[in-house]
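[1] Sequence first, then the predicted structure:
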Amino acid sequence: MIRPNPPKSIALGACALLFTAAFGASCEQPPLLCEVASSAYLVKYYPKEGGNDCIQVPGERVGMSVYNPPKGDDREIDATQATVAIQAHSMGVLADSASATASATDPDANHKQYSLGAYAVRPDADDFCAASSLSVAEQHIPETAYTDADGNPAIYPETRLAYEWRDVRVYMTFATPGNAATGEVTITREDEDPVTGDRATCTTTYVASALFPIVGCEAVDDTGQATGMPDDTRCCATADPSQGRPFGSGIHPDFKVKCDPELLSCVLDWKPGESFPPLGKNSFCGG
């Protein structure tokens, strides 16, 4: 599971009613509420300390959802309060794999696959919506004996995975409503050797940049076969039939993007320390 799934359509419908009531038939643009993208982001990870990357995850899909509590009558949302949930793909993979392989689950009900925290209601002066006080996402699967597909006894090793998100900020404008985000995440993984019982622990802190939508950008050869190589032009927002791009990528043209050679997906053309988000157009897209 990538994205927690609240009744978002109901919430958005209620928001529309609130705006209509507040502004009537005026042509004035309603105030912008903090939101997130409608589906998972592709997140690129940059090790905060260059020589420390024992996790070695270049990036992954990450889902986010925003929740507004109901008002007292439960008929409308309270747009003055918001909470955000953040869930990494790896967390869902661990839980699903343990369950499918050995019917193993985390016995601690307090451990969630997602982080949860407060979320700004309106963007700040720099067009960012900040998340704060985010809880730690954690799954701790105990060592579990099971019978494999061939009928042999097997052991699912004890495994713990935790994500601690900080300083998450979502770029929020009417043109790009939540399509880019940045922050830091500390990932910890503990594994047990099922034979020796030895445990290994690894922790890495990453600076993250997130882009919506997720767009693959693997190059293909003249026969249409995938090459395993990146093709930056597949990230371009505009079509260019003369260059073999009959369609644009669907990524907003305000963002500078590139094809990540490890993820073979489009990411923001950005590095930690640079202004976020990167705005403009790359030369390979006609900039």
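    Sure thing, it's come through.
[2] just the helices in the stretch 1-150 of the chain please.
    Ranges of helices in the stretch 1-150 of the chain, per DSSP state H, counting those that start in this stretch, are 8-23, 89-102.
[3] worst average pLDDT in those helices?
    In terms of average pLDDT, helix 8-23 trails the rest of the helices of the stretch 1-150 of the chain, at a mean of 40.
[4] so which helix or strand takes in C202?
    Assigned by DSSP states H and E, C202 falls within strand 199-211.
[5] so what strands line up beside that strand?
    Partners of strand 199-211 in the sheet, by DSSP bridges, are strand 41-47 (antiparallel), strand 177-192 (antiparallel).
[6] and those strands, which is most packed in?
    Across those, averaging neighbours per residue (mean count of other C-beta atoms under 10 Å) puts strand 41-47 on top, at a mean of 23. Heads up, the C-betas are built off the backbone N, CA and C, glycines and all.
[7] for that strand, what is the average pLDDT?
    Average pLDDT, strand 41-47: 98.
[8] so how far is that strand from its chain's centroid?
    Computed by C-alpha atoms, centre = their mean, to the nearest Å, the separation of strand 41-47 from the middle of its chain amounts to 8 Å.
[9] Same question for stretch 242-250.
    Counting by C-alpha atoms, centre = their mean, stretch 242-250 is centred 26 Å from the centre of its parent chain.
[10] List the buried residues in that stretch.
    R245, G248, S249 (16 or more other C-beta atoms under 10 Å).
[11] Could you pull up the residues touching the residue nearest to the spatial centre of the chain?
    Geometric centre of the chain, nearest residue: V62, 2.3 Å, by C-alpha atoms, centre = their mean. With contact taken as C-beta atoms under 8 Å, 6 or more residues apart in numbering, V62 is in contact with I2, A40, Y41, V43, I86, Q87, A88, H89, A208, A210.
[12] Tell me the bridge partners for it.
    Beta-bridge partners, per DSSP bridges, of V62: Y41, A88.
[13] quick revisit: so for the strand holding C202, what's the average pLDDT?
    96.
[14] Could you dump the strands paired with strand 199-211 into a markdown table with distance to T201 added?
    Shown next, in a markdown table, are these (distance: least, C-beta to C-beta, whole Å):
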| stretch | distance to T201 |
| --- | --- |
| strand 41-47 | 17 |
| strand 177-192 | 5 |
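[15] Tell me which of these sits nearest to A95.
    A95 sits nearest to strand 177-192 of all the strands paired with strand 199-211, at 13.8 Å, using C-beta to C-beta.
[16] Now do the phi/psi pair for K112.
    Taking degrees, to the nearest 10, you get phi -120, psi 150 for the backbone angles of K112.
[17] Quick check: chain neighbours aside, which residue is closest to it?
    Sequence neighbours aside, A137 is the residue nearest to K112 in space, at 6.1 Å (criterion: C-beta to C-beta, 6 or more residues apart in numbering).
[18] what's that neighbour in contact with, if anything?
    Listed by C-beta under 8 Å, 6+ apart, the contact partners of A137 are I86, Q87, A88, M91, K112, Q113, Y114, S115, A162, Y163, E164, W165.
[19] Can you spell out which residues form a bridge with the last one?
    In this structure, W165 has the following beta-bridge partners (DSSP bridges): V185.
[20] on that earlier part again, okay, buried residues for the strand holding C202 please.
    T204, T205, Y206, V207, A208, S209, A210, L211.
[21] Ok, stretch 71-84 next?
    E76, I77, A79, A82, V84.
[22] now swap in stretch 261-280 and tell me
    Those buried within stretch 261-280 under the rule 16+ other C-beta under 10 Å are L263, L264, S265, C266, V267, L268, D269, W270, F276, P277, P278.
[23] tell me the domain boundaries of this structure?
    The chain is divided into the following domains under automatic domain parsing: 8-22+30-214, 215-287.
[24] average pLDDT across the last one?
    So that's domain 215-287. Averaged over domain 215-287, pLDDT sits at 92.
[25] next one: it to chain centre, how far?
    Counting by C-alpha atoms, centre = their mean, domain 215-287 is centred 19 Å from the centre of its parent chain.
[26] before we move on, back to that, could you single out the nearest of the buried residues of stretch 242-250 to P153?
    Minimum separation from P153 among the buried residues of stretch 242-250 (C-beta to C-beta) is found for S249, which lies at 49.4 Å.
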